[in-house]
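Participant: need a 3D model of the sequence below.
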Amino acid sequence: MTDLRAKLDSWVRGYGNRLGKLFYLKDGVCALKDESGQEYVVDLPENGTEVYFCAPIATLNDAASKPMDLEQVLKWNLWGHETQGGTLSFDEITQRIIIHRTLPMDDLDENRFAEAFSDFIGSVLHIKELWEDYKRTGGNVNVGEDKGEIDPLFRI
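Facilitator: Next comes the predicted model:
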């Protein structure tokens with residue numbers, strides 16, 4: 001195990017201990033599920049210097065709604081407001097929408113890691129809520145509407 005992986009493993013274990021759980025890295029990856037079944041992954045590739053947080057949001061099973069679903073995901077992705085700094089992507093192999101965030105290991109210590117991972121979990125739950133609202137309303141979700149927000153392009 002590389003020095004960075006050993007460091008991340010200790011942070012992951014510490015995070016788990018705070019929750020009364022046993023978390024650890026295996027080959028640089030820690031895969032978790034919360035009580036609702038939501039998956040989360042912490043990954044530090046071999047010889048990597050950045051830790052990746054990722055989580056699936058939804059599987060796109062309906063070919064008819066897929067273009068509209070992907071368009072909505074792109075809207076949430078714009079400017080990073082709704083994703084809270086994460087990035088939404090589409091995994092063609094699994095047909096899943098994935099949210100991920102990448103952080104340099106040099107910017108982290110155990111407390112910053114725990115804070116960043118907790119923030120990421122909050123981002124995932126926020127996007128999941130948006131997704132569920134979007135699917136429930138048949139796509140009639142306009143995030144940011146009626147909030148008096150100015151188009152970000154006008155701020156330049």
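Participant: tell me the mean pLDDT for the helix or strand hosting residue 67?
Facilitator: Residue 67 belongs to helix 66-77 when assigned by DSSP states H and E. For helix 66-77, mean pLDDT is 95.
Participant: next one: whichever helix or strand comes after it to chain centre, how far?
Facilitator: As assigned by DSSP H and E, the chain's next helix or strand after helix 66-77 is strand 87-91. Between the centre of strand 87-91 and the centre of its chain there are 9 Å (Cα atoms, centre = their mean, to the nearest Å).
Participant: buried sites along strand 87-91?
Facilitator: By neighbour count with 16 or more other Cβ atoms under 10 Å, strand 87-91 contains the buried residues residue 88. Just so you know, the C-beta spots here come from the backbone N, C-alpha and C atoms, and that holds for glycine as well.
Participant: so what touches the helix holding residue 67?
Facilitator: Helix 66-77 is contacted from outside by 58, 60, 62, 82-83, 87-88, 90, 97, 127, 130, 134, 139, 141, 143, using Cβ atoms under 8 Å, 6 or more residues apart in numbering.
Participant: just the buried ones from those?
Facilitator: 58, 60, 82-83, 88, 97, 127, 130, 134, 141.
Participant: export those to a markdown table and tack on distance to residue 36 and pLDDT?
Facilitator: What follows is those, written out as a markdown table (distance: Cβ to Cβ, whole Å; pLDDT from 0 to 100):
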| residue | distance to residue 36 | pLDDT |
| --- | --- | --- |
| 58 | 14 | 97 |
| 60 | 20 | 97 |
| 82 | 20 | 92 |
| 83 | 20 | 93 |
| 88 | 20 | 97 |
| 97 | 17 | 98 |
| 127 | 14 | 96 |
| 130 | 16 | 96 |
| 134 | 18 | 95 |
| 141 | 21 | 53 |
